[in-house]
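Asker: following is a predicted model, sequence given first.
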Amino acid sequence: MKFIKFLLVGVFFGIVLVKSEAVSWYRIYEMFRFQSFHMYGIIGTAVISGILFLQISKKGKLKSIKGADIYVPKKENGFTRYIIGGIIFGLGWALLGACPGPMYILLGTGIWTMLIAIAAAMLGTLIYGVLKTKLPH
Amino acid sequence: MQSILSPWPWYVSGPLIALVMALLLYFGKTFGMSSNLRTLCTISGADKLSDFFKFNWKDQIWNLTVVLGAVIGGFIAVNYLSDDTVTDLNSTTVIELKSMGFKNPGTTLVPDEVFSLNALTTPKGILILIIGGILIGFGTRYAGGCTSGHAITGLSSLQKPSLIAVIGFFIGGLIMTNFILPLIF
């Protein structure tokens, strides 16, 4: 039962990303060609809303369901892993027109071939895991 | 009802995505979709190949549940909450894509030229899915997050590593769309 809330958040997330067209391959293409404001508007208003939520929750001492402070884990400092990893992910994002969330959501919309992309993404994750200690971070 | 069935404007969609992040934080969790790929690797036995996959995957069941919900949400959205509105793309984008060989830009969420079962019958079709997937899986883990973890959660919490990662996302995306896609199609 305790997982139902997570299932519902996921359902909501899936619906929002389809209805916003953020799962559209074409919208991602358009974004990287600077031919539409749509995706920038989505990401921009999401980040602005997110900043407001976190600032207000900090000032208002909003607590989580368990009574703890609302907490976002800190990313380790660094540069190389973020820029190189980011570029590699960006290449895949623009090629498939989907990042990990939309990959799962598009599967739900009936794009069965996304299973191949998801399996390949697991393989990519596996390659990273195996090479991790040899990569600059 | 019509406003639900039509595509939602960006200024509605963006705050709703932030709400997903806020709800997960309220539940004591962090919004991050790519880490599920690592969990799926561990469940598949990858912990035998690298210590990176040695962790208690049961702690991540909540996140896999979000993924399951997202799949269901995608199903509900296309089957019950959509009319057949064509994506309102820039007319320049449509002309460009047609000249590259995409037949119906915007009539579906993804192009048949890449994602149809028919596309699987060509080496190019399969290679695009596999190479794209590998880049996404490798890149997100190397960068420690994807659009949800870095662009939404990381930027919302004003973290510099996430800003660097998002700049990387855009460098990669711009290179692919502007220089590599025209060579492929």
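Answerer: On my side now, so go ahead.

Asker: could you list the low-pLDDT ranges of chain B?
Answerer: Chain B contains no residues with pLDDT under 70.

Asker: in it, which spans are helices?
Answerer: Counting by DSSP state H, chain B has helices at residues B:2-5, B:10-26, B:35-43, B:61-80, B:91-99, B:112-115, B:123-143, B:155-156, B:160-175, B:181-184.

Asker: in the fifth one, what's buried?
Answerer: This means helix B:91-99. Residues B:93-94, B:96-97 are the ones in helix B:91-99 that count as buried (16 or more other Cβ atoms under 10 Å in any protein chain shown). For every residue, glycine as well, the C-beta is placed using N, CA and C.

Asker: restrict the residues you listed to those near chain A?
Answerer: Among the buried residues of helix B:91-99, proximity to chain A is found for B:93, B:96-97 (Cβ under 8 Å from any Cβ of the partner chain).

Asker: all strands of chain A, in order?
Answerer: Applying DSSP state E to chain A gives no strands.

Asker: may I ask which two of the buried residues of helix B:91-99 are separated the most?
Answerer: The largest separation in those, counting by Cβ to Cβ, is between B:Val94 and B:Glu96 at 7.2 Å.

Asker: which ones are touching the residue nearest the centre of chain A?
Answerer: In chain A, the residue lying closest to the centroid (Cα atoms, centre = their mean) is A:Gly101, at 5.6 Å. Applying Cβ atoms under 8 Å, 6 or more residues apart in numbering or on different chains, we find A:Gly101 in contact with A:13, A:17, B:33, B:70, B:146-148.

Asker: what about it, distance to B:Leu163?
Answerer: Using Cβ to Cβ, to the nearest Å, we find A:Gly101 at a distance of 20 Å from B:Leu163.

Asker: do the same with B:Ala18
Answerer: 17 Å.

Asker: between those two, which is the more surrounded one?
Answerer: Remark: of B:Ala18 and B:Leu163, B:Ala18 carries more neighbours, 24 against 15, as counted by other Cβ atoms under 10 Å in any protein chain shown.

Asker: burial count for residue 24?
Answerer: Just going to use chain A. 28.

Asker: actually chain B
Answerer: There are 24 residues near B:Leu24, going by other Cβ under 10 Å.

Asker: same thing with A:Tyr26?
Answerer: Applying other Cβ under 10 Å, we find 26 residues neighbouring A:Tyr26.

Asker: what sits against B:Ile126?
Answerer: For B:Ile126, counting by Cβ under 8 Å, 6+ apart, the contacting residues are A:116, B:120.

Asker: what about 10 Å?
Answerer: A:113, A:116, A:120, B:119-120 (Cβ atoms under 10 Å, 6 or more residues apart in numbering or on different chains).

Asker: and A:Val11, by the same measure?
Answerer: Neighbours of A:Val11 in contact, by Cβ under 10 Å, 6+ apart: A:108, B:66, B:68-77.

Asker: neighbour-wise, which one of the contacts of A:Gly101 leads?
Answerer: Most crowded among the contacts of A:Gly101, counting by other Cβ under 10 Å, is B:Ala70 at 33 neighbours.

Asker: hmm, that residue is touching A:Gly10, no?
Answerer: Yes. Counting by Cβ atoms under 10 Å, B:Ala70 does reach A:Gly10; the two are 4.4 Å apart.

Asker: between the two, what contacts are shared?
Answerer: With Cβ under 10 Å, 6+ apart as the test, B:Ala70 and A:Gly10 both reach A:101, A:104-105, A:108, B:20, B:33.

Asker: would you mind giving those as CSV with distance to B:Leu135 added?
Answerer: Listed next are these as CSV, based on distance: Cβ to Cβ, whole Å:
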residue, distance to B:Leu135
A:Gly101, 16
A:Tyr104, 17
A:Ile105, 19
A:Gly108, 22
B:Val20, 25
B:Met33, 16
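
Asker: can you pull out the helices in chain A?
Answerer: Under DSSP H, chain A gives helices at A:4-19, A:25-32, A:38-59, A:80-96, A:100-108, A:114-131.

Asker: what's the angle between the first one and helix B:61-80?
Answerer: Pointing back at helix A:4-19 there. Here the directions of helix A:4-19 and helix B:61-80 differ by 40 degrees (axes from the mean of the first three to the mean of the last three Cα atoms, to 10 degrees).

Asker: and the contacts of B:Ile126, which is closest to B:Ile4?
Answerer: A:Thr113 (28.4 Å).

Asker: now do A:Gly67, the pLDDT please.
Answerer: At A:Gly67, the pLDDT value in this model is 88.

Asker: quick one: it and B:Gly28, what's the gap?
Answerer: Look at A:Gly67 and B:Gly28: by Cβ to Cβ, they are 10 Å apart.

Asker: neighbour-wise, which of those two wins?
Answerer: Between A:Gly67 and B:Gly28, counted using other Cβ under 10 Å, the more crowded position is B:Gly28 (14 against 7).
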